[in-house]
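> The sequence and its predicted three-dimensional model are supplied below.
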Amino acid sequence: MPEKGIPTVDLSQFVQGNAEQRTTFVQALGHAFHHVGFVAVVNHGIPKSLVDAFYENSNRFFALSDEVKRKYEVPGMAGQRGYTSFGKEHAKQSKVADLKEFFQIGQEVPDGHPLKSAYPTDNVVVAEVADFAALGLELYRQFEVAGAQLLKAIAIFLEIGEDYFDDKIEHGNSILRSIYYPPITEEPASAIRAEQHEDINLITLLVGASAGGLQLLNAQDTWVDIMPEDDEIVINVGDMLQRLTNNYLKSTTHRVVNPPRASWHLSRLSIPFFLHPRVTMDLTCLPSCVTDENPLHYAPITAGAYLDERLREIGLKK
């Protein structure tokens, strides 16, 4: 395993490469998702200038007073749009809140679109940070493009047809989340910045965080630091994809640990994109992934019902 803790793949091999390069990429990505659940991606096509601009605007938002930020909390949305204040989310197995606050941007469709009723609340515009929402939506669209290519490669690896995910993720219920971990000012009450968890969605695309702390739990039950380079994004399998593949692709437990005490005064910002399908997607396990060696692990469920169940478990939905 490389020093960064996870394998690296080059998405341009798949998007622009010849047949041999595409096959190499598909096998490398599939092998990583089967054995590790995480991979670093270079040449992903997401402009660094856009990422940097969104980081800058995120920092400007989180620097606002709590009173101002709370104006942008949306009651009844389970944290799926706008601001979620510090200490509201916890890992499903924990009752202690994570040491973070966040802002979320979701799917938008035009008026009259058949899915308009599925996304009735527009994204939250922050008056004090004028470009925040627009930059976030632009980054959201870039992540959708990169994520769709990664899922095409996974569909080829699973031998279910390259276009398997296309109609399921078009205008999907994805979320771009800007997460702020403020400086630690006192001894935490058993909490860390983000307690160990697995993501809910199909795949997560994470732009490099402003500080370290991300770790995954490997097959040997050991925590491994994930240290991507500046030009890489980290991709991991979510529970929906694990469920669809009957545990063949691995949704790996991960966490964000607190820094050494000498660095408690430093904040941390990270930008994950949680790629979700439409809520109607059937997550029934693929027949090809159910074998004598790997018997059926999950009952049928839709993506929407599963998301609802998990949002309740982590305390965002009551």
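Good, I have the coordinates.
> The residue lying closest to residue 280 once chain neighbours are set aside: neighbouring residues, count only.
If the residues on either side of it in the chain are set aside, residue 280 comes closest to residue 302, at 6.2 Å by C-beta to C-beta, 6 or more residues apart in numbering. C-beta: built from backbone N, CA, C; applies to glycine. Residue 302 has 16 neighbours, counted by other C-beta atoms under 10 Å.
> gap between residue 302 and residue 243?
Residue 302 is 11 Å from residue 243, where distance means C-beta to C-beta, to the nearest Å.
> Need the overlap of contacts for those two.
Taking C-beta atoms under 8 Å, 6 or more residues apart in numbering as the contact rule, residue 302 and residue 243 both touch residue 283.
> Got the phi and psi for the residue nearest to residue 280?
Reported as degrees, to the nearest 10, the phi and psi values for residue 302 are phi -90, psi 160.
> Use 455 as the first number from now on
All right, first residue 455 from here; so that's residue 756.
> shouldn't it be in contact with residue 738?
No: the pair residue 756 / residue 738 is not scored as a contact, 9.2 Å apart, by C-beta atoms under 8 Å.
> What helices and strands are in contact with the helix or strand bottoming out on mean pLDDT in the chain?
One helix or strand of the chain scores below all others by mean pLDDT, DSSP states H and E: strand 648-651, with a mean of 76. Under the contact definition 3 or more C-beta pairs under 8 Å, 6 or more residues apart in numbering; DSSP states H and E, strand 648-651 sits against strand 708-710.
> still on that earlier bit, beta partners of the residue nearest to residue 734?
Beta-bridge pairing of residue 756 under DSSP bridges involves residue 736.
> quick one: contacts for it?
Residue 756 neighbours (C-beta under 8 Å, 6+ apart): 733, 734, 735, 736, 737.
> closest to residue 486 among those?
Distances from residue 486 to the contacts of residue 756, taken as C-beta to C-beta, are shortest for residue 737 (21.8 Å).
> Partner strands of the least confident helix or strand of the chain, with direction?
Paired neighbours of strand 648-651 in the sheet (DSSP bridges): strand 708-710 (antiparallel).
> Give me the contact list for the next helix-or-strand element following the strand it pairs with.
Once the chain leaves strand 708-710, the next helix or strand it forms, by DSSP states H and E, is strand 722-729. Contact with strand 722-729 is made by 505, 508-509, 512-513, 516, 593-594, 597-598, 601, 605, 623, 626, 628-635, 647, 653-661, 663-665, 667-668, 692, 710, 713, as judged by C-beta under 8 Å, 6+ apart.
> at 7 Å what do you get?
For strand 722-729, contacts defined as C-beta atoms under 7 Å, 6 or more residues apart in numbering pick out 508-509, 512-513, 594, 597, 601, 623, 626, 628-635, 647, 653, 655-661, 663-665, 667.
> Strand partners (parallel or antiparallel) of that strand?
Partners of strand 722-729 in the sheet, by DSSP bridges, are strand 629-635 (antiparallel), strand 657-661 (antiparallel).
> still on that earlier bit, may I see the ChimeraX selection of the buried members of the contacts of strand 722-729?
Buried residues within the contacts of strand 722-729, by 16 or more other C-beta atoms under 10 Å, are selected in ChimeraX with:
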select :508,509,512,594,597,601,623,626,628,629,630,631,632,633,634,635,647,653,655,656,657,658,659,660,661,663,664,665,667
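> of all the strands paired with strand 722-729, which lies closest to residue 764?
Nearest to residue 764 among these is strand 629-635 (12.5 Å), distances taken as C-beta to C-beta.
> For that closest one, give me every contacting residue.
With C-beta under 7 Å, 6+ apart, strand 629-635 has contacts from 512, 516, 534, 553-560, 590, 593-594, 597, 647, 721-728, 730.
> got the end-to-end distance for stretch 560-571?
Separation of the first and last residues of stretch 560-571 by C-alpha to C-alpha, to the nearest Å is 14 Å.
> Let me see the mean pLDDT of that stretch.
For stretch 560-571, mean pLDDT rounds to 89.
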